[in-house]
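Student: Coordinates only, no sequence provided:
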């Protein structure tokens with residue numbers, strides 16, 4: 001165990017170790033002793049920095065979502081390419097998808113600890129979609145678009161379904177991103193989509 005590291009370094013090591021552990025085992029299956037061992041600290045440090053395993057889980061997800069928001073950004077002009085950026089991010093960062101799936105299993109329909117912060121983020125995303133390319137979706141259409149482009153995460157979240165639906169050749173061909181972008185573009189240009 002590293003006894004003489006700075007609190008910021010300890011916190012960063014704990015978050016990195018916890019991200020890997022939670023992505024692998026979820027909130028219920030993750031073990032504090034494994035996180036502490038991986039971070040090379042005493043497990044009491046987890047409680048000192050985060051208070052509880054559940055708060056650590058919340059912090060790990062907040063950090064991962066913050067990276068997503070920073071790297072993907074809000075939609076601007078090309079909504080199809082925005083869906084492509086979402087696809088790219090999740091392909092390069094598969095832990096986020098797994099964390100979100102574990103979060104859904106753990107909290108189910110209960111409120112999340114940071115519900116208001118997350119809702120505000122999605123409200124901003126919907127507003128950005130509504131303003132994109134000067135094409136003024138009404139709010140319901142923008143909400144529908146944001147929900148539908150979540151399909152960009154489908155291949156990673158459900159690889160077995162992707163393979164069964166598309167077939168092995170299409171999954172292995174590297175064309176999935178192009179399909180995601182084309183689907184988002186088709187949604188934007190679909191007649192009547194604004195009126196959802």
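Tutor: Great, that's in hand. Keep in mind that this is a model prediction, so the values were computed, not measured.
Student: And the helix or strand harbouring residue 141, what's buried?
Tutor: Using DSSP states H and E, residue 141 maps to helix 139-148. In terms of neighbour count (16 or more other C-beta atoms under 10 Å), helix 139-148 has its buried residues at 141-146. All C-beta atoms are positioned from the backbone trio N, CA, C, and that covers glycine.
Student: What does residue 111 show for phi and psi?
Tutor: As for residue 111, its main-chain torsions (degrees, to the nearest 10) stand at phi -60, psi 150.
Student: What count of nearby residues applies to it?
Tutor: 8 (other C-beta atoms under 10 Å).
Student: could you check the distance from it over to residue 11?
Tutor: 26 Å (C-beta to C-beta, to the nearest Å).
Student: now do residue 160
Tutor: Residue 160 is 37 Å from residue 11, by C-beta to C-beta.
Student: Neighbour count: the two, which is higher?
Tutor: residue 11 (19 against 7).
Student: How about the secondary structure of that one?
Tutor: helix (DSSP: H, G, I helix; E, B strand; the rest coil).
Student: all helices for this protein, in order.
Tutor: 7-29, 32-39, 44-50, 53-72, 79-92, 94-107, 115-131, 139-148, 154-157, 159-166, 168-172, 176-189 (DSSP state H).
Student: that older thread, between the buried residues of helix 139-148, which is closest to residue 100?
Tutor: Nearest to residue 100, judged by C-beta to C-beta, of those is residue 146 at 14.9 Å.
Student: and the closest one, what does it touch?
Tutor: Residue 146 makes contacts with 122, 125-126, 129, as judged by C-beta atoms under 8 Å, 6 or more residues apart in numbering.
Student: again with residue 59
Tutor: The contact partners of residue 59, by C-beta under 8 Å, 6+ apart, come to 15, 18, 50.
Student: Same check on residue 128?
Tutor: 74-76.
Student: quick revisit: would you reformat the buried residues of helix 139-148 as CSV and include pLDDT and distance to residue 83?
Tutor: As requested, the buried residues of helix 139-148 are exported to CSV (pLDDT from 0 to 100; distance: C-beta to C-beta, whole Å):
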residue, pLDDT, distance to residue 83
141, 79, 15
142, 82, 14
143, 84, 15
144, 84, 14
145, 84, 9
146, 85, 10
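Student: Can you read off the pLDDT for residue 43?
Tutor: Predicted confidence (pLDDT) for residue 43: 90.
Student: Could you tell me how many residues sit around it?
Tutor: Residues near residue 43, counting by other C-beta under 10 Å: 17.
Student: ditto for the one 3 residues further on
Tutor: Close neighbours of residue 46, defined as other C-beta under 10 Å, add up to 24.
Student: go on, residue 112?
Tutor: For residue 112, using other C-beta under 10 Å, the count is 15.
Student: what do you get for the one 3 residues further on?
Tutor: Using other C-beta under 10 Å, residue 115 is surrounded by 11 other residues.
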